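>>> Can you look at this prediction? I've put the sequence above it.
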Number of protein chains: 4
Amino acid sequence: MASTFGRLFRIATWGESHGAGVGVVIDGCPPRLPIRRDEIQAELERRRPGQSKITSRRDEADQVEILSGVEDGLTLGTPIALLVRNADARPGDYEEMKTKFRPSHADFTYQAKYGIRAVAGGGRASARETIGRVAAGAIARTLLTHAAGIEIVAYVKQVCDISAEVDPSAVSRAMVEANIVRCPDAKAASAMIEFIDAIRKAGDSVGGVVEAVARKVPAGLGEPVFDRLEADLGKALLSLPACNGFEVGSGFGGTRLRGSQHNDAFYSDGERVRTRSNRSGGIQGGISNGEDIVVRAAFKPTATVLVPQETVDVDGKPTTLQARGRHDPCVLPRAVPIVEAMLALVLADHWLRQRALVGGTA
Amino acid sequence: MASTFGRLFRIATWGESHGAGVGVVIDGCPPRLPIRRDEIQAELERRRPGQSKITSRRDEADQVEILSGVEDGLTLGTPIALLVRNADARPGDYEEMKTKFRPSHADFTYQAKYGIRAVAGGGRASARETIGRVAAGAIARTLLTHAAGIEIVAYVKQVCDISAEVDPSAVSRAMVEANIVRCPDAKAASAMIEFIDAIRKAGDSVGGVVEAVARKVPAGLGEPVFDRLEADLGKALLSLPACNGFEVGSGFGGTRLRGSQHNDAFYSDGERVRTRSNRSGGIQGGISNGEDIVVRAAFKPTATVLVPQETVDVDGKPTTLQARGRHDPCVLPRAVPIVEAMLALVLADHWLRQRALVGGTA
Amino acid sequence: MASTFGRLFRIATWGESHGAGVGVVIDGCPPRLPIRRDEIQAELERRRPGQSKITSRRDEADQVEILSGVEDGLTLGTPIALLVRNADARPGDYEEMKTKFRPSHADFTYQAKYGIRAVAGGGRASARETIGRVAAGAIARTLLTHAAGIEIVAYVKQVCDISAEVDPSAVSRAMVEANIVRCPDAKAASAMIEFIDAIRKAGDSVGGVVEAVARKVPAGLGEPVFDRLEADLGKALLSLPACNGFEVGSGFGGTRLRGSQHNDAFYSDGERVRTRSNRSGGIQGGISNGEDIVVRAAFKPTATVLVPQETVDVDGKPTTLQARGRHDPCVLPRAVPIVEAMLALVLADHWLRQRALVGGTA
Amino acid sequence: MASTFGRLFRIATWGESHGAGVGVVIDGCPPRLPIRRDEIQAELERRRPGQSKITSRRDEADQVEILSGVEDGLTLGTPIALLVRNADARPGDYEEMKTKFRPSHADFTYQAKYGIRAVAGGGRASARETIGRVAAGAIARTLLTHAAGIEIVAYVKQVCDISAEVDPSAVSRAMVEANIVRCPDAKAASAMIEFIDAIRKAGDSVGGVVEAVARKVPAGLGEPVFDRLEADLGKALLSLPACNGFEVGSGFGGTRLRGSQHNDAFYSDGERVRTRSNRSGGIQGGISNGEDIVVRAAFKPTATVLVPQETVDVDGKPTTLQARGRHDPCVLPRAVPIVEAMLALVLADHWLRQRALVGGTA
């Protein structure tokens, strides 16, 4: 049951990195929504490895097939099953990992939990699992666009010590896609690319921060007390591989302000009640207030590095591991579409929940 | 359905701040667990306002009654209902708030979502809702203690710019309870108390960070891919009032390290596989690895401040609000038992889930 | 988690028969719905023992208190907690049952499952648990009335070998409440009452069938494939104490017809598509078709009888049990409001689910 | 969310009859369970049309592919995805149904609910959906066999007016598979086969009753109050196409007995507490008592008959429909493996739930 997410717009992902394929079943998508395979495929292209010199060199074609739930380009209201076949398996790359636990990877914990694990490619712990999320997210986004005109944009905000200046209220996908690191601040982007490339050559890895904004979200989404919008967004992003931090609005930085500095003053803008600042990140009391929703996710450095590391083997004996394979020196650029997908999934779910509760949103 | 939390150790909280009471129903607690009312009450004492000069002056007695699920001091395996009657209501304090939205509070968003709201005391958005969480958390903790000897300790790590030095592997509840701010670093604690008291006198508020550790957690808890342990912990803490940030292990700070610096090397310690460092915060691949679980939650400054603020009234007209009432200048000290409760609830849930999956934990 | 029911209109009941009380928390009820305590109380009066000579002589006042979720007579959209205190406990009546398992009762299975049980009054297995269902059902019914004008009427259709003739499309609550057995066929009702009274005097018990109709249900409720409307209705009724059979429409009798005889021909009635017959019981393909929903629930004879029975004690030794206490000779009359409540809960849930899916019902 | 079933052993089915395929994802299956593709395939063979002269003549090969969750013949503890490609589509058969609603079929209600429907083959309402259930059920059965030695056997108990005599405690799969109608009473089976064949030639259809037994189920499965074992079994079977009635133990017939006749006396059989009779059908108070679990499901006559029927078209105009296609005159023989699968799914789920609650079953 741990591979399902969402209450009303609900997805179930499945698949190991080196099994027959990966996929997702979406249950709860409203009927009569226009769905195009090429729109889903386009999101997968943004996620796949091999797209640039700063991502993994693995070449995964990742062609998506719509197996059910859509007829003549329209959703039927029934479960939508999407399948992506695996390919390009090089099991030889993983021979050493059969017997040695990679530090800070999921090898040891999967073994401890299940008493068994799919060694090749990390199995279920592989980032290939996110293919199902991205594919489902593309459909969630279509729902949000049609239903409420909601826009979602994510981008790389920070790589190691290099930070970007980005205006969440104005950033566009075109600005994000303008460079291979997906950072809309051109100057920072250049520095990031150069840095990641150097790290790659050194066989090392780096982490960073993805920021995301959802605009035109109507006030009223989010369900106190446990399903506060920030709680569900936080869970969504923290469920991504390598994500170990989450913030909404002012986040950790906001803890250094006083209430009188931090509060967002209300004012009237025609019919709408708006706020002069947005330290709340568009969410107050767990419910969207109509301002831009702004969140950030921290991603640790990729665990698989090509330098020798101390570890133990499956029998507990000390050993050294020098990983091989074609891993990402920095997951951030490929995390951008995944973060967008998770935002879309959470918002689609809450949009439907609000429609159930009061019949719709303003 | 938004007031339920957990899958197997499941709680449902209810109650508005100025209704008849607040409470919780726990469904899924195993049978034959020893439960004492006074142990639950003791946790509520740590949470309640009026306990010191740096918390709200409201005096809420908060006596808990066990209504069901326990007989002769043992759980029956049936739902455990706990009730705390409300008292000390001063509706007059909230007269102005009927018509004016408090900035950065839940007034506006509740109105936008539901088209109605309980004005007095914030209604459902009041921190009184956490009484149910703390009471249920006390029972979850009993389960964890009996089942696995798990220890949970939370403490104030930072207030505004004042940070504490604390060793998560050694901190004890006695050290936390040694001062009214619940910070086990005595020097930082003094500074925090002085600072909060000054802020209180100024009618302002401050935020900060609570850190928490869970020790002796067996390896294997957490269920990829969506119910990763850090995802469920993140959701748990981000569902708390005023929490807008979450980290596990190295968190945002870890994004500034390289993989070769960040990875936790494995070594053998007798029968156990352990790690030399703990930047993973005890969780790898979404599953506990047997090391200390270390998380942090950011709490923004309390929204209710006693200085005049720009806002609008329910008709959208500009106005000024100067809050009255007996609010906390800093929620951190009272957040400590609440954070502990949320950790206990998540771990109890996952402990049962692991028992369902493989019959138990090592 | 086993004491929760429903997905969007979700209830959690709690309470043992001889603990402090019983109750329910309703999570997911839409806001701004008018709720009156006396309307809930009226349903509880129909359920309570002591209401006539053919029900248990126990006198349980069962006064309901609304603890949360309602202010000034309107729902807030937050959880609604309802509490009924227990009273009239006569633990002495249950002394013998501490050590002897009552045949066909839940004593043995609770002990086998939990390793512990609340002996007095059957504990959680007591029919007092249904108080929470009836109270929640009253609120569900209010939602259905306001939202869609749906009418629900249940009645005793059969007691042992005595069957009633009732027209589901015309039966009213007044007709049902016209006699103490709640059978709208006056002639059958007289026979039933006489028979039950004789059974009571003999210290024995009888079972029977409750039939229920829901009228003016819009077409479109029910969610294939697993949450077909008849599947959720079936689960709802089969979850009642003593219920061991369920039918919709023609049910078991329909298995003796041929398809050409059984099918319900469609015709047009103005704007509506209707059926000439209703062997489908208002549900086709798991979805309501706009016709009357007609279901039946079988209730076995009450397990507690006052004649000596062969059984074993808690140590497995053979013994004889002669139950005492004030039990119902026939649960049917009191089951009527409970069945209505369960129908209301299922329909309210599906009404909200359909609103989430497509924005409403025709 | 309506295409998911189960809490801990959870399945999600997907697929329309004439889309790319049908399938299922199983989430929550314990790790290290031996799974063989041919065992799953064998169950699908029992379900598929074209297997005998009394089933539909459609020839559906229904080859299952294991896409994930299994490696080297052992489950990994991760989601198991199973895929069966569709084939043999003859869309021409359904041309007339595009515009005309088949009486007592799901055409009208799907259109009313979703505003759209997959016409060919009934789309999601097709019995092809049960392929996913049967495949998942085969895995659930493997779990039950390994974990507890539980045996499940279903069989045709009644076809129209022809009833069989079967001893649930002794019936074996071999006896069931001995004839094409899957009725272990040879004499009744012959009569049923002859009758169904005549009905088929007449272009008509018949219904009947499937009975099923689960043996060696440990005492303690089932979770009061809403997830009583009979409630979950009832929901499971009532969620099957054409099922409109459910009974456990004495069922509707038991309503004609008195309590003193109906109760199952307890006695000691060595270490076990057993009952002399089994009118409870192995379930008391919603929990298994260790006796054979015996349930029955009523299936109405197949809606699609080849005789002319009154109906309306999609514009509400009166018309006549004479169905074509290769439909089953009687679904009972093919329902047998489906009923077994549903029992296995419910019992596997509750077996895991009991393990979570108390660490295992006796």
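Ah, there it is. The structure presented is a predicted model; accordingly, all values stated were derived computationally and were not measured.
>>> Packing partners of the helix or strand hosting residue A:231?
For residue A:231, the host element (DSSP states H and E) is helix A:229-238. Secondary-structure packing of helix A:229-238 (3 or more CB pairs under 8 Å, 6 or more residues apart in numbering or on different chains; DSSP states H and E): strand A:243-248, strand A:293-299, helix A:332-358, helix B:229-238, strand B:243-248. C-beta coordinates here come from the backbone N, C-alpha and C atoms, glycine included.
>>> what's the angle between that helix and helix A:332-358?
Orientation check (axes from the mean of the first three to the mean of the last three CA atoms, to 10 degrees): helix A:229-238 against helix A:332-358 gives 140 degrees.
>>> Just the residues contacting helix A:229-238, thanks.
Helix A:229-238 is contacted from outside by A:5, A:221-222, A:243-244, A:246, A:248, A:281, A:283, A:286-288, A:293, A:295, A:297, A:339, A:342-343, A:345-346, A:349-350, B:226, B:228, B:230-232, B:234-236, B:238-239, B:243-244, B:246, B:248, using CB atoms under 8 Å, 6 or more residues apart in numbering or on different chains.
>>> Of these, keep whichever come out buried.
Buried members of the contacts of helix A:229-238, counted by 16 or more other CB atoms under 10 Å in any protein chain shown: A:5, A:221-222, A:243-244, A:246, A:248, A:281, A:283, A:286-288, A:293, A:295, A:297, A:339, A:342-343, A:345-346, A:349-350, B:226, B:228, B:230-232, B:234-236, B:238-239, B:243-244, B:246, B:248.
>>> if we can go back for a sec, need the helices and strands packed on helix A:229-238 in CSV with distance to residue A:164 and mean pLDDT, can you?
Below are the helices and strands packed on helix A:229-238 laid out as CSV (distance: least, CB to CB, whole Å; pLDDT from 0 to 100):
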stretch, distance to residue A:164, mean pLDDT
strand A:243-248, 16, 98
strand A:293-299, 12, 98
helix A:332-358, 11, 97
helix B:229-238, 24, 98
strand B:243-248, 20, 98
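>>> Using JSON lines, lay out the ones you listed together with distance to residue B:305.
Shown next, in JSON lines, are the helices and strands packed on helix A:229-238 (distance: least, CB to CB, whole Å):
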{"stretch": "strand A:243-248", "distance to residue B:305": "21"}
{"stretch": "strand A:293-299", "distance to residue B:305": "23"}
{"stretch": "helix A:332-358", "distance to residue B:305": "30"}
{"stretch": "helix B:229-238", "distance to residue B:305": "23"}
{"stretch": "strand B:243-248", "distance to residue B:305": "17"}
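>>> closest one to residue D:197 among these?
helix A:332-358 (48.8 Å; CB to CB).
>>> how far out from the middle of the chain is stretch A:351-362?
Offset of stretch A:351-362 from its chain centre (CA atoms, centre = their mean, to the nearest Å): 25 Å.
>>> Any buried residues in that stretch, and which?
Per 16+ other CB under 10 Å, stretch A:351-362 contains these buried residues: A:351-358, A:360-361.
>>> so which of those comes closest to chain C?
residue A:356 (3.6 Å; CB to the nearest CB).
>>> surely that closest one meets residue C:353?
Yes. Contact criterion CB atoms under 8 Å: residue A:356 and residue C:353 qualify, at 6.8 Å.
>>> Need the residues touching each of the two.
In contact with both residue A:356 and residue C:353: residue C:8, using CB under 8 Å, 6+ apart.
>>> Any idea how far the helix holding residue A:231 is from the middle of the chain?
Helix A:229-238 has its C-alpha centroid displaced from the chain centroid by 11 Å (CA atoms, centre = their mean).
>>> Please apply the same query to stretch A:290-299.
12 Å.
>>> got any ranges where the stretch 1-150 of chain A has weak pLDDT?
Where the stretch 1-150 of chain A drops to pLDDT under 70, the residues are A:1, A:88-94.
>>> Nearest to chain B: which residue in it?
residue A:106 (2.4 Å).
>>> Look up the closest residue to that residue, ignoring the ones flanking it.
Residue nearest to residue A:106 in three dimensions, not counting chain neighbours: residue B:285, with 2.4 Å by CB to CB, 6 or more residues apart in numbering or on different chains.
>>> Quick check, that neighbour in contact with residue A:104.
No. The pair residue B:285 / residue A:104 is not scored as a contact, 9.1 Å apart, by CB under 8 Å.
>>> Tell me which of the two has more neighbours.
A direct count of neighbours by other CB atoms under 10 Å in any protein chain shown for residue B:285 and residue A:104 places residue A:104 higher, at 30 against 27.
>>> can you tell me how far the residue in the stretch 101-250 of chain A that chain C sits nearest to sits from residue C:20?
At 7.7 Å from chain C, residue A:224 is the closest residue in the stretch 101-250 of chain A, using CB to the nearest CB. Applying CB to CB, to the nearest Å, the value for residue A:224 to residue C:20 is 28 Å.
>>> Residue A:77 too?
Distance, residue A:77 to residue C:20, by CB to CB: 45 Å.
>>> What residues does the stretch 51-200 of chain A have near chain B?
The stretch 51-200 of chain A comes close to chain B at residues A:101, A:103-110, A:112-115, A:124-125, A:129, A:158, A:160-161, A:199, as judged by CB under 8 Å from any CB of the partner chain.
>>> measure the most far-flung residue of chain A relative to its centre to residue A:323 for me?
For chain A, the largest distance from the centre (CA atoms, centre = their mean) belongs to residue A:317, which lies 36.1 Å off. Residue A:317 is 18 Å from residue A:323, where distance means CB to CB.
>>> quick one: is the helix or strand residue A:131 falls within near chain C?
Using DSSP H and E, residue A:131 sits within helix A:130-148. No. Figure legend: helix A:130-148 not in contact with chain C (CB under 8 Å from any CB); closest approach 9.4 Å.
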